[in-house]
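*Asks:* I need the structure of the sequence given here:
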Amino acid sequence: MTKNEMINDDLGENHIATSAQNPVRNDAFDLPDDKKIESIRKDVENILTTLGMDLTDDSLKGTPNRVAKMFVKEIFGGLNPNKKPSSSTFKNNYKYGEMLVEKNITVYSTCEHHLLPIVGRAHVAYISNGTVVGLSKMNRIVDYFAKRPQVQERLTMQIVQELQNVLGTQDVACVIDAKHLCVNSRGIRDIESSTVTSEFGGKFSDELTKREFLDYIRLETNF
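*Replies:* Predicted structure coming up:
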């Protein structure tokens, strides 16, 4: 193993991110989805054949195509900017000035280092400066950025940054508590541990406001 390979392996084993943005090539969406599915299908077929699996078996015949469609259409669909959810905003006519917290948003993502699942909960909050967003849009934003090869720190930041842009305020916070199957099912195989990440913008950087938000979600961060 070369020195660079050792460094890359060490980064992956320790789940270290190298970019605050998903490392996507400029030509990532030049190829249409059906062509991507066909290419990935062949690659999955080669992986399974190399592992010694009999792809003539009825149970395995459709696996390469199922995996390819799942990659493109489902678990990595958030890479495509055309699938970014529209976020309609409304005037805060009822003058609600306290924080709004949407907790226990389901997170299904994929670790970019081993392509194994990340499963957990996101807790998101904002304080309106005159604009509000539909509650379901917060869930959709979490889901969109989760559907990528990810690291949890980046995902947390992207959720906050997107809501800041949508709402026109810095007063947004996010905490994610998730299990990483690359830790739980391989390597150290610690099934009990989970990873908690947080991003606090604007007023949420103030200790009292941050503490209020954490008190709201405290009972929900263990699962």
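
*Asks:* where are the low-confidence patches of the chain?
*Replies:* 1-17, 219-223 (pLDDT under 70).

*Asks:* mind checking the longest helix of it?
*Replies:* Taking residue count as the measure and DSSP state H as the definition, the longest helix of the chain comes out as helix 33-50.

*Asks:* that one - contacts with which helices or strands?
*Replies:* Here helix 33-50 is seen to pack against helix 63-69 when contacts are counted using 3 or more Cβ pairs under 8 Å, 6 or more residues apart in numbering; DSSP states H and E. (C-beta placed from N, C-alpha, C; glycine too.)

*Asks:* buried residues in the helix it packs on?
*Replies:* Within helix 63-69, the residues that qualify as buried are 63, 64, 67, 68, 69, counting by 16 or more other Cβ atoms under 10 Å.

*Asks:* need the contact list for the fourth one.
*Replies:* To tie it back to what came earlier, the one meant is residue 68. Residue 68 is in contact with 36, 37, 38, 39, 40, 41, 44, counting by Cβ atoms under 8 Å, 6 or more residues apart in numbering.

*Asks:* what about the third one, distance to residue 209?
*Replies:* The gap separating residue 38 from residue 209 is 51 Å, by Cβ to Cβ, to the nearest Å.

*Asks:* so the two - more neighbours on which side?
*Replies:* For residue 38 against residue 209, the residue with the higher neighbour count under other Cβ atoms under 10 Å is residue 209, and the figures read 18 against 12.

*Asks:* wait, that one sits on residue 203?
*Replies:* Yes - at 5.0 Å, residue 209 counts as touching residue 203 under the criterion of Cβ atoms under 8 Å.

*Asks:* overlap in contacts, those two.
*Replies:* Between them, residue 209 and residue 203 share these contacting residues under Cβ under 8 Å, 6+ apart: residue 127.

*Asks:* and which of the buried residues of helix 63-69 is nearest to residue 196?
*Replies:* Minimum separation from residue 196 among these (Cβ to Cβ) is found for residue 67, which lies at 30.6 Å.

*Asks:* thought residue 45 was touching the closest one, still the case?
*Replies:* No - under the criterion of Cβ under 8 Å, residue 67 is not in contact with residue 45, lying 9.3 Å apart.

*Asks:* got the residue ranges for the helices in the protein?
*Replies:* If DSSP H is used as the criterion, the helices of the chain fall at 3-13, 33-50, 63-69, 135-146, 152-167, 181-184, 207-217.

*Asks:* contacting residues for the spatially closest residue to residue 193 that is not a sequence neighbour?
*Replies:* Nearest residue to residue 193, sequence neighbours excluded (Cβ to Cβ, 6 or more residues apart in numbering): residue 183, at 6.4 Å. Counting by Cβ under 8 Å, 6+ apart, residue 183 touches 189, 190, 193, 195.

*Asks:* repeat for residue 96
*Replies:* Neighbour list for residue 96: 128, 132 [criterion: Cβ under 8 Å, 6+ apart].

*Asks:* and with 10 Å instead?
*Replies:* The neighbourhood of residue 96, defined by Cβ atoms under 10 Å, 6 or more residues apart in numbering, consists of 127, 128, 132.

*Asks:* what about the residue with the largest distance to the centre of the chain, distance to residue 65?
*Replies:* Farthest-out residue of the chain from its mean C-alpha position, per Cα atoms, centre = their mean: residue 56, at 35.0 Å. The gap separating residue 56 from residue 65 is 15 Å, by Cβ to Cβ.

*Asks:* residue 105 too?
*Replies:* From residue 105 across to residue 65, the span is 31 Å (Cβ to Cβ).

*Asks:* all good on my end, thank you.
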